[in-house]
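> Quick one, what's the 3D model for this:
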Amino acid sequence: MAQILVVDDEMGIRELLSEILSDEGHDVCLAENATVARAQRARARPDLVLLDIWMPDTDGISLLKEWAAGGQLTMPVVMMSGHATIDTAVEATRIGALDFLEKPIALQKLLATVKRALRLQEGTALPGAGLVLANLGRSTLINDLRRRLAQLAGVGAPLLLRGEAGAMPELYARALLAGNAPFVVATARLDDPAHDLLQEAAGGILFVEELLLLNRNQQKHLATLATRSDRHNVRLVSFTAVDPAVLVGGHAFDAGLLARMGELSFALPALRQHAEDIPDIAAVVLAQLVETKFCPPRRFSTAALNSLRNFAWPRNLEELQQAVKSIAITALGDEIGPDEVEQALAQLSGDAPDSATLFLDLPLREAREAFERAYFEHHLGREQGSIIRVAEKSGLERTHLYRKLKTLGIAASRKDDKD
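Numbering: from 1, shown residues only. Okay, the predicted model is just below:
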């Protein structure tokens, strides 16, 4: 049995949906407007929200944005409307909505959508969970960036994202998705040409996390995919933290492939460029950690948020997210003060170089191996040694991941093999 919140200003629709979903064995709560929905959401996180777009007090899109900005979009949300345009539906899914139901809602479509949403709720990849573009801040820089990405979303040409290490490029790449189109991370799967990545990503995005990491064989496979992507309506989006001239001249990356992947280029900001957003971002990350029961209820004091804002964050969003996670689990009280933040930041301020720069002076094979070792050690620590979750994050089959860790000399437990 799932807890489902239905938010709609029409009594007849609320009662109809309640009857249908209750007959399916679900516990249904009803809200006639955004005010009541906020109160319901504040009391407990539902397993699913069915949210009407057009409501008299606050429309559903605004409420969705509010939940995303406040770190409360940790449950699947399905939008409903009889008058919404395609642009409205696309906007909702970019903010973090899972799906869109057009009124009058067909029974089979409703049940199938609810089933899919609840199945996703049991997993780990809710589209609005974690940092998304909607909760990345309110600065002029980020607002302009949102508008520019919205323009780029309507273009099908390959796009190269450029920025510093730790910029979390996948966050921006996902903001380019239209509706419920697929998003496939290709990097680790380029080793095996048997994977039909284009078919899997048809109508959506094929994303390459860091071009620097691709060996010649992977570059060859990617070039083949690039020549066929138009036939499958697949958009290629990639990222690199390395200057393109260095990537080609210093790391022997295929110049023709780079030109193809970079038909369009977009610069991602370093976190220090919009430092005024850091308090909001940190508060969102902490709220989501509380929501997911990672830590007890916590909040940052104003002084603690100022300490976070004034830090340099050489590894950008990824470093901020990890620091908040560490602070949240080690804090001693409900309110996190500046002393606890400063103690955590002291461990980060050893003038560590940018991770891409760290490997640039090494031969390509050694640089790739050093990056992979750092990558897997990072994610094993983040996922508390869970091979299942690291395999999901990296896009590797579990057996392949064990072999890779063994090659890199990283010890891995098989404790969750039975899951």
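> From here on, just use CA atoms for contacts and neighbour counts.
Noted.
> residues in contact with residue 172?
The contact partners of residue 172, taken as Cα atoms under 8 Å, 6 or more residues apart in numbering, are 132-133, 149.
> Could you pick out the buried ones from these?
Buried residues within the contacts of residue 172, counting neighbours by 16 or more other Cα atoms under 10 Å: 132-133, 149.
> In CSV: these, plus secondary structure, pLDDT and distance to residue 262.
As requested, these are exported to CSV (DSSP: H, G, I helix; E, B strand; the rest coil; pLDDT from 0 to 100; distance: Cα to Cα, whole Å):
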residue, secondary structure, pLDDT, distance to residue 262
132, coil, 83, 24
133, helix, 86, 22
149, helix, 94, 15
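> Can I get those in a markdown table including distance to residue 189?
Formatted as a markdown table, these follow (distance: Cα to Cα, whole Å):
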| residue | distance to residue 189 |
| --- | --- |
| 132 | 24 |
| 133 | 26 |
| 149 | 26 |
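> Is residue 280 in contact with residue 134, as I believe?
No - using Cα atoms under 8 Å, residue 280 is not in contact with residue 134, being 11.5 Å away.
> Tell me the first helix or strand C-terminal of the strand or helix carrying residue 281.
Secondary structure assignment for residue 281, by DSSP states H and E: helix 278-291. Using DSSP H and E, the helix or strand that follows helix 278-291 towards the C-terminus is strand 299-300.
> count of residues packed around residue 302?
Using other Cα atoms under 10 Å, residue 302 has 13 other residues around it.
> Quick one: the strands in the stretch 301-419 of the chain, in order.
With DSSP state E, counting those that start in this stretch as the definition, the stretch 301-419 of the chain shows strands at residue ranges 335-336.
> and residue 402, how far is that from residue 211?
Between residue 402 and residue 211 the distance, using Cα to Cα, to the nearest Å, works out to 23 Å.
> so what's residue 196 scoring on pLDDT?
The score at residue 196 is 84. That number is its pLDDT.
> And residue 349, by the same measure?
Residue 349 carries a pLDDT value of 64.
> what do you get for the one 4 residues further on?
Confidence at residue 353, expressed as pLDDT, is 47.
> List the contacts of residue 345.
Applying Cα under 8 Å, 6+ apart, we find residue 345 in contact with 311, 323.
> and residue 81, how many neighbours?
Residue 81 has 21 neighbours, counted by other Cα under 10 Å.
> Over to it: give its phi and psi.
With angles defined as degrees, to the nearest 10, residue 81 sits at phi -170, psi 150.
> I'd guessed it sits against residue 99; true?
No - under the criterion of Cα under 8 Å, residue 81 makes no contact with residue 99, lying 11.5 Å away.
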